[in-house]
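Asker: how would this look folded up:
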Amino acid sequence: MNPTRCTWANMANPRYIAYHDHEWGVPCHDETTLFEMLNLEGAQAGLSWETILNKRDSYRAAFDGWDAEKIARYDDARVAELLANPGIVRNRLKVAAAITNAKAYLAMREQGLTLNQYLWSFVDHQPIVNDWPDGARPARTELSDRISKDLGKRGFKFVGSTIVYAYMQGIGMVDDHDRGCICRQRTSAG
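Answerer: Take a look at the predicted model:
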């Protein structure tokens with residue numbers, strides 16, 4: 001018998017199962033991963049997360065392993081290369097947002113603030129474990145509204161409240177696993 005997972009997890013896609021089981025809702029403190037996920041959540045806008053997840057390796061290759069210093073220096077020729085790359089979502093605004101986000105991220109670092117410190121300070125450095133009825137997660141919350149607004153003031157793009165809430169779930173700031181999910185059970189047991 002297969003273990004019970006959240007209703008949104010596509011059981012036919014091994015990448016999706018691995019993402020659900022080992023990343024979604026698991027606290028992340030790695031700077032590169034935090035920067036990557038912020039940009040991937042933005043790239044997902046209007047698409048399915050599965051589409052982005054299936055292109056994740058291509059994104060890592062195309063965006064220099066999510067090295068913000070390199071991305072911040074991308075010029076028009078590099079943007080043209082990215083827009084011709086079938087391995088990523090070829091949307092000019094989303095590609096431009098990744099470059100803008102790299103610059104905003106580097107500006108934060110120049111002020112002595114990491115993404116890890118910044119993001120986790122919103123939840124007192126402890127994940128929020130929600131108990132929504134299965135499949136009834138909100139698309140945004142008051143907290144995601146606040147973080148979205150602050151990120152926007154700092155110059156980040158594609159950081160609307162819905163994107164930010166999905167990001168918070170993806171990096172484990174919130175744990176929204178269904179009540180009967182095996183990952184919820186592991187969280188409860190730990």
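
Asker: And the helix or strand encompassing I163, what does it pack against?
Answerer: Per DSSP states H and E, I163 falls inside helix 161-170. Contacting helix 161-170 under the criterion 3 or more C-beta pairs under 8 Å, 6 or more residues apart in numbering; DSSP states H and E are the following elements: helix 31-44, helix 142-153, strand 174-175. For the C-beta atoms, the positions are set from N, CA and C on the backbone; glycine is no exception.

Asker: let's see 7 Å
Answerer: Using 3 or more C-beta pairs under 7 Å, 6 or more residues apart in numbering; DSSP states H and E, the elements in contact with helix 161-170 are helix 31-44, helix 142-153.

Asker: just how off-centre is the shortest one within its chain?
Answerer: What that stands for is helix 142-153. Centroid displacement of helix 142-153 relative to its chain, using C-alpha atoms, centre = their mean, to the nearest Å, is 15 Å.

Asker: So which bits of that helix are buried?
Answerer: Of the residues in helix 142-153, 143-144, 147-148, 151-152 count as buried by neighbour count, 16 or more other C-beta atoms under 10 Å.

Asker: which stretch among the helices and strands packed on helix 161-170 comes nearest G87?
Answerer: Taking C-beta to C-beta, helix 31-44 is the member of the helices and strands packed on helix 161-170 nearest to G87, at 11.9 Å.

Asker: So which residues make contact with the closest one?
Answerer: Outside of helix 31-44, the residues within contact range by C-beta atoms under 7 Å, 6 or more residues apart in numbering are 28, 52, 56, 59, 66, 68, 89, 94, 97-98, 101, 105, 114-116, 119, 158-159, 163, 166-167, 170-171.

Asker: Put the buried members of the residues you listed into a PyMOL selection.
Answerer: Here is the PyMOL command that picks out the buried ones among the contacts of helix 31-44, judged by 16+ other C-beta under 10 Å:
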select buried, resi 28+52+56+59+66+68+89+94+97+98+101+105+115+116+119+158+159+163+166+167+170+171
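
Asker: Look up how far P133 lies from the residue positioned nearest the centre of the chain.
Answerer: By C-alpha atoms, centre = their mean, the chain has its centre lying nearest to M37, at 3.2 Å. Separation of M37 from P133 (C-beta to C-beta, to the nearest Å): 26 Å.

Asker: how many neighbours does D76 have?
Answerer: By the criterion of other C-beta atoms under 10 Å, D76 has 7 neighbours.

Asker: OK, contacts around it?
Answerer: Taking C-beta under 7 Å, 6+ apart as the definition, D76 has no contacts.

Asker: how about the strands in this structure?
Answerer: Applying DSSP state E to the chain gives strands spanning 128-129, 174-175.
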